[in-house]
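K.L.:
sequence plus predicted model, see below.
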Amino acid sequence: MRYYSTQGRAPIATLEKAVVKGLAEDRGLYMPESITPLPKEFFEQMPEMSFQQIACQVAQAFFGEDVEAEALKQIVCDTLSFESPIVKVKDNIYSLELFHGPTLAFKDVGARFMARLLQYFIKASDKPKGATVNVLVATSGDTGSAVANGFLGVEGIHVYVLYPKGKVSKIQESQFATLGQNITAIEVDGVFDDCQALVKNAFMDEELCRHMQLTSANSINVARFLPQAFYYFNAIAQAMKLQKESGEQREFVVCVPSGNFGNICAALFGHQMGLPVKRFIAANNANDIFYQYLLTGQYSPRASQQTLANAMDVGDPSNFARIIDLYSKHQQLSPVETHQRITSLISGATYSDDEIRDIMRRCYAETGYVLDPHGACGYQAIEDQLKPGEIGIFCETAHPAKFKETVDSVLGIDLPIPERLANFMKGTKQSIPMSKDFADFKQFLLNQ
Ligand SMILES: *Cc1c(COP(=O)(O)O)cnc(C)c1O
């Protein structure tokens, strides 16, 4: 498969180059030149297939031209060692629980898949032994832990996790700042957007790129965001199975609480491949840049604002460019036509911190289901927008125990911490403090 840049001013790349470089030379995001629709028979068989079997077919469609079939199957099986169930919360509303991976984050799938794919390319290349690929990742919480754990101990790769000081939860911090080995945590005196800017600037710095090989594991990387499509095929397979059993015929609506829009973007790629979803909802917290775009047709990025759902505190969602490209490129649509096309498929929602607290309380009182602050936005968007004849599936993107302080104080409970999470908290923090000034970060990397 050939990959082009959303900015249109960079050379066409192979999958290997797109994965190793992350961002194109012109700062655009890589997009596959074509999206292979999956055959009707696949969708008919899907309800009877396992998560791994479904994911293998989807991965084959994305990456089959560039990765040897058996190796790809191995990568998928190694990535998906857990389930991703849909759980009934109330009539016609299901929670797609994306938090059953190793760090209890949905990003575990993309991170592990990317680590394995990168390793596959490093092994296959004639790079001198001992040369390291350096992965830079900016995180507002969950990305850092998923990437750090996905890459932990993978030979030939060093990971630098940049996170905003004081703006991620203790549990999240413990998941990437205590690991050691090939993982270095960098505590930036700034907000998430500062971390993201440091990473982006590093990729564009010629001196740094001569000094060391740099790549990104944010959802700008095709190997990070695309595998998230596995979840949506698997979720719809489960929903189809339930429909078969009940004899009901409702249409599926999928709601994704969104920050950088990588997750929903993967779902939209799935839709382009024929996944039977009628429409999507992108739920925002107070950082409602996408919601405003849907209303006005204008994209106006702004500084992010801290909220209870901190993994969605993004002021300039990097995958916005991919969504625009997905719906305009091949039809050469104007901005107005593109906006119309997008609003006919995707609606938005936005919730303040006060609303998030209310939603969590109401859902718990009515159904007994414990929402985390991110899932709360998704749940409420489905509640508010579901129409007759539809089934709503919202993503519960974080295990509520990852936001224990918030969940406990809002619901007045003492949520147990799963053992997997508690184990991380036993380690010692070993972060390196950093200013948000690029010159400081550059000097640090040059000294490595
Ligand atoms: C990363 C994350 C999101 C946002 O996902 P994007 O792909 O950036 O839109 C939402 N919720 C949680 C818990 C996350 O970790």
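P.N.:
That came through, no problem.
K.L.:
next, the buried residues of the host helix or strand of Q119.
P.N.:
If you go by DSSP states H and E, Q119 is part of helix 107-124. Buried positions in helix 107-124, judged by neighbour count with 16 or more other Cβ atoms under 10 Å: 107-122. For every residue, glycine as well, the C-beta is placed using N, CA and C.
K.L.:
and V253, that one's in a strand?
P.N.:
Yes - the assignment for V253 is a strand, going by DSSP: H, G, I helix; E, B strand; the rest coil.
K.L.:
can you offset everything so residue one is 195?
P.N.:
In the new count, where the first residue is 195, that last one comes out as V447.
K.L.:
that one and R473 touch, don't they?
P.N.:
Yes - here V447 reaches R473: they are 5.5 Å apart, a contact under Cβ atoms under 8 Å.
K.L.:
who has more neighbours out of the two?
P.N.:
Under the criterion of other Cβ atoms under 10 Å, the comparison of V447 against R473 puts V447 first, with 23 against 17.
K.L.:
so where do the strands sit in the stretch 445-594 of the chain?
P.N.:
445-451, 473-478, 540-544, 584-590 (DSSP state E, counting those that start in this stretch).
K.L.:
the ligand contacts on the stretch 395-544 of the chain?
P.N.:
413, 451-457, 505-506 (Cβ under 6 Å from any ligand atom).
K.L.:
and these as a markdown table, adding pLDDT and neighbour count?
P.N.:
Shown next, in a markdown table, are those (pLDDT from 0 to 100; neighbours: other Cβ atoms under 10 Å):
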| residue | pLDDT | neighbour count |
| --- | --- | --- |
| S413 | 83 | 25 |
| P451 | 98 | 32 |
| S452 | 98 | 31 |
| G453 | 95 | 31 |
| N454 | 93 | 24 |
| F455 | 96 | 24 |
| G456 | 96 | 25 |
| N457 | 97 | 26 |
| A505 | 88 | 30 |
| M506 | 93 | 25 |
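K.L.:
farthest pair in these?
P.N.:
Largest separation among those by Cβ to Cβ: S413 and P451, giving 14.0 Å.
K.L.:
what does the stretch 195-344 of the chain have sitting close to the ligand?
P.N.:
299, 301, 336-337.
K.L.:
same thing but at 5 Å, please
P.N.:
Applying Cβ under 5 Å from any ligand atom, we find that the stretch 195-344 of the chain lies next to the ligand at D336.
K.L.:
what kind of secondary structure is V329 in?
P.N.:
strand.
K.L.:
who's in contact with the residue found closest to I316 once you drop the neighbours it is linked to in the chain?
P.N.:
Counting by Cβ to Cβ, 6 or more residues apart in numbering, the nearest residue to I316 once its immediate chain neighbours are dropped is G350, at 5.0 Å. Counting by Cβ atoms under 8 Å, 6 or more residues apart in numbering, G350 touches 313, 316, 325-327.
K.L.:
now those residues in a markdown table, with distance to R556?
P.N.:
Below are these laid out as a markdown table (distance: Cβ to Cβ, whole Å):
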| residue | distance to R556 |
| --- | --- |
| Q313 | 45 |
| I316 | 49 |
| A325 | 54 |
| T326 | 50 |
| V327 | 47 |
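K.L.:
out of the residues you listed, who's nearest K435?
P.N.:
Q313 (34.5 Å).
K.L.:
tell me the contacts of that closest one?
P.N.:
348-351.
K.L.:
quick check, nearest of the residues you listed to G295?
P.N.:
Distances from G295 to the contacts of Q313, taken by Cβ to Cβ, are shortest for V348, at 16.4 Å.
K.L.:
now the closest one: how far from L373?
P.N.:
In this view, V348 and L373 are 12 Å apart by Cβ to Cβ, to the nearest Å.
K.L.:
neighbour-wise, which of these two wins?
P.N.:
Just comparing V348 and L373: by other Cβ under 10 Å the higher neighbour count belongs to L373, 22 against 19.
K.L.:
would the more buried one count as being in a strand?
P.N.:
No - L373: not assigned to a strand; according to three-state DSSP it is coil.
K.L.:
between the two ends of stretch 397-410, how far is it?
P.N.:
End-to-end distance for stretch 397-410, by Cα to Cα, to the nearest Å: 8 Å.
K.L.:
now the helix or strand harbouring E235: buried residues?
P.N.:
Secondary-structure assignment from DSSP H and E places E235 in helix 234-239. Neighbour-count burial for helix 234-239 flags 236-237 (criterion: 16+ other Cβ under 10 Å).
K.L.:
could I get the pLDDT score of the residue in the chain sticking out farthest from the centre?
P.N.:
Centroid-distance maximum for the chain: G441 at 33.5 Å, with Cα atoms, centre = their mean. Note on G441: pLDDT of 91.
K.L.:
do you know how far it is from the ligand?
P.N.:
34 Å (Cβ to the nearest ligand atom, to the nearest Å).
K.L.:
how about Q486?
P.N.:
From Q486 to the ligand the distance is 16 Å (Cβ to the nearest ligand atom).
K.L.:
out of the contacts of G350, what pair is the most spread apart?
P.N.:
Q313 and A325 (13.4 Å).
K.L.:
can you give me phi and psi for the residue in the stretch 245-394 of the chain that the ligand sits nearest to?
P.N.:
With Cβ to the nearest ligand atom as the measure, D336 is the residue of the stretch 245-394 of the chain nearest to the ligand, at 2.9 Å. For D336, the backbone dihedrals (degrees, to the nearest 10) come out as phi -70, psi -30.
K.L.:
tell me the spatial nearest neighbour of it, not counting adjacent residues.
P.N.:
A299 (4.4 Å).
K.L.:
and that neighbour, what does it touch?
P.N.:
Here A299 is in contact with 292-293, 336, 339-340, 591-593, 596 (Cβ under 8 Å, 6+ apart).
K.L.:
could you do Q492 as well?
P.N.:
Here Q492 is in contact with Q486 (Cβ under 8 Å, 6+ apart).
K.L.:
again with E577
P.N.:
287, 586.
K.L.:
any idea how far G350 is from it?
P.N.:
In this view, E577 and G350 are 47 Å apart by Cβ to Cβ.
K.L.:
what's the answer for F588, then?
P.N.:
For F588, the distance to G350 - Cβ to Cβ - is 39 Å.
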